[in-house]
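Asks: One predicted model, sequence on top.
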Amino acid sequence: MAGHNDTKSLEIPSMSTQTMIQGLNPGVIQKVVKPSSSGNDKEEKTSISNAFLKRLNKLGLGDDPRMLNLITRYPDCGNRLISVFKTLKDLKISLSDPLENIITQNISNIGGAVNLLSVMNELDINPNSVPMELLFKAARSDSTVAQSARTLHDARLLDKSSFNLILAYPDESTNISQLLIELQEHAYNPDSLIDKLRASLISTPHMNTTLSLLNLLLTKDIYDLGVVDILLRQERFIDRIYEGAKKLSAVPELLNNYFDLLERNPENANIFAKNLLLLHSVSLISRCSSKEDFLKVSQLGVGAFHFMNYLQQAGMLNAENYQKIYEHNRFLEREDVAPTLTGLPLMTQFTKEELEKMLALVSKPAISITQSDVGRFNDVLEEHQFHMSKQLGPRQGTAR
């Protein structure tokens, strides 16, 4: 009968197979040959092929019932399983019950596991320092991990910590190895970053963004372990933080204060960066500004950004008007103001008279603001929304 690629499965043991089975320990025979349900001593069929048994016995592996069980269950993977067993033996790793379960759960990665186990042997990595579950899961990207391990080894950066890190994030192993080498070339100690990344348990989807941010810090010469701690603590908002940092990379002197203050309101990081750039463009914030000045900017929201942008377009974003905005920022962030303000079409432009009218309403003391004031502010916005929608037509909506 035709069988699978590794070898063919025999329904009834041949004489040579039978002889080999009889040569195994009694405990092994019980695992492979069992009495039938009728209670007779008649042997059931075995799916361990002649060729597999020859290989196992030749390698001195034929007396391990766990190996026989795995081959019996996954005959298509027989040769690759035997290669795993051989490499485990070379590394002096016992095939325990937990390891058998790990192999079972990752049987589709078995070929990659052979590769990574061989790399461990090749690069003299202590097997006792590598969780097998981590290795077998990483085996789906074995070629990338293996190359990264060799790259780190050539740079004398491969140890149990760095190897376990690339196993934990196999798809990012190339980026991790490159970053560690860059750190070393910039005279930083990569070990500190490795320890922080391993301890953080940062999620796989966020690791790529985190590595991109760390590369940006290194490129702009502001790499600092304190900033690394901030990024890891604020993993939930890492994408917004990165978007803001990319914007500010054009003005790197603002980045230090950006990272120092973003943790106060991390979900607002991207808007914080936009406000910094806008105010920098009219010389209202610079690297010489005080920490207090940067703190004021960090407290501004999306409503303030859009309103200041309209002021800047009209040549009205100056120190006096900016003071009115940061002192009365709550008005611009109201739930009955901000959505309308941020939802205007991109081509919207206000006259100076309209902006003066809105500024007067914004700068009123909070205690004296009435719903009528909010209505008058929104009336100006809605008038532009109506006229712009009419000009753009029904197929072009507002873009923000």
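Replies: All right, it came through fine.
Asks: Quickly list the domain ranges of this structure.
Replies: 1-90, 300-400 (automatic domain parsing).
Asks: Check those domains for me: which has the lowest mean pLDDT.
Replies: Across the domains of the chain, domain 1-90 has the smallest mean pLDDT, namely a mean of 62.
Asks: Spell out the residue ranges of the helices in the stretch 151-300 of the chain.
Replies: For the stretch 151-300 of the chain, applying DSSP state H, counting those that start in this stretch gives helices covering 160-168, 173-185, 190-200, 204-219, 225-233, 238-248, 255-261, 269-281, 291-298.
Asks: Name the residues of the very next helix or strand once past the last one that are buried.
Replies: Right, helix 291-298. For helix 291-298, the succeeding helix or strand toward the C-terminus, using DSSP states H and E, is helix 302-313. Within helix 302-313, the residues that count as buried by 16 or more other CB atoms under 10 Å are V302, G303, A304, F305, H306, F307, M308, Y310, L311, Q312. C-beta: built from backbone N, CA, C; applies to glycine.
Asks: Likewise for stretch 276-292?
Replies: L276, L277, L278, L279, H280, V282, L284, I285, S289.
Asks: Going by distance to L332, which of these wins?
Replies: L278 (13.9 Å; CB to CB).
Asks: before we move on, the earlier item: could you dump the buried residues of helix 302-313 to TSV with distance to T342?
Replies: What follows is the buried residues of helix 302-313, written out as TSV (distance: CB to CB, whole Å):
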residue	distance to T342
V302	6
G303	7
A304	11
F305	8
H306	5
F307	10
M308	12
Y310	11
L311	15
Q312	16
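Asks: Just give me the closest of those to T219.
Replies: Among these, and counting by CB to CB, the member closest to T219 is F305, at 26.5 Å.
Asks: Would you agree the closest one is in contact with L277?
Replies: No: contact criterion CB atoms under 8 Å: F305 and L277 do not qualify, at 9.8 Å.
Asks: before we move on, back to that, just the buried residues of stretch 276-292 now: which is nearest I230?
Replies: L276 (16.7 Å).
Asks: For that closest one, report the pLDDT, please.
Replies: For L276, pLDDT reads 97.
Asks: Just list the residues touching the spatially closest residue to it that is not a sequence neighbour, thanks.
Replies: Spatially, and ignoring its direct neighbours in sequence, L276 is nearest to L254 (5.2 Å; CB to CB, 6 or more residues apart in numbering). Going by CB atoms under 8 Å, 6 or more residues apart in numbering, L254 touches L248, L276, L277, H280, I285, R287.
Asks: ok, L254 to A138 distance?
Replies: 39 Å (CB to CB, to the nearest Å).
Asks: and D63, which of the three is it?
Replies: Three-state call for D63 (DSSP: H, G, I helix; E, B strand; the rest coil): coil.
Asks: Verify the stated contact: L70 with T104.
Replies: Yes: the criterion here is CB under 8 Å, and L70 meets it with T104 at 7.2 Å.
Asks: The two: which is more packed in?
Replies: Neighbour count, other CB atoms under 10 Å: between L70 and T104, L70 has more, with 23 against 13.
Asks: name the element the more buried one belongs to?
Replies: Counting by DSSP H and E, L70 is part of helix 65-73.
Asks: next structured bit after that helix?
Replies: helix 78-90.
Asks: Run the angle between the helix or strand just after that following helix and helix 65-73 for me.
Replies: Using DSSP H and E, the next helix or strand after helix 78-90 towards the C-terminus is helix 97-105. Angle between the axes of helix 97-105 and helix 65-73 is 20 degrees (criterion: axes from the mean of the first three to the mean of the last three CA atoms, to 10 degrees).
Asks: Does anything pack onto helix 97-105? Which helices or strands?
Replies: Applying 3 or more CB pairs under 8 Å, 6 or more residues apart in numbering; DSSP states H and E, we find helix 97-105 packed against helix 65-73, helix 78-90, helix 132-138.
Asks: Please identify which of the ones you listed is closest to L355.
Replies: helix 132-138 (57.9 Å).
Asks: If you count neighbours, what's buried in the closest one?
Replies: M132, L135, F136, K137, A138.
Asks: Could you find which two of those are furthest from each other?
Replies: M132 and A138 (10.6 Å).
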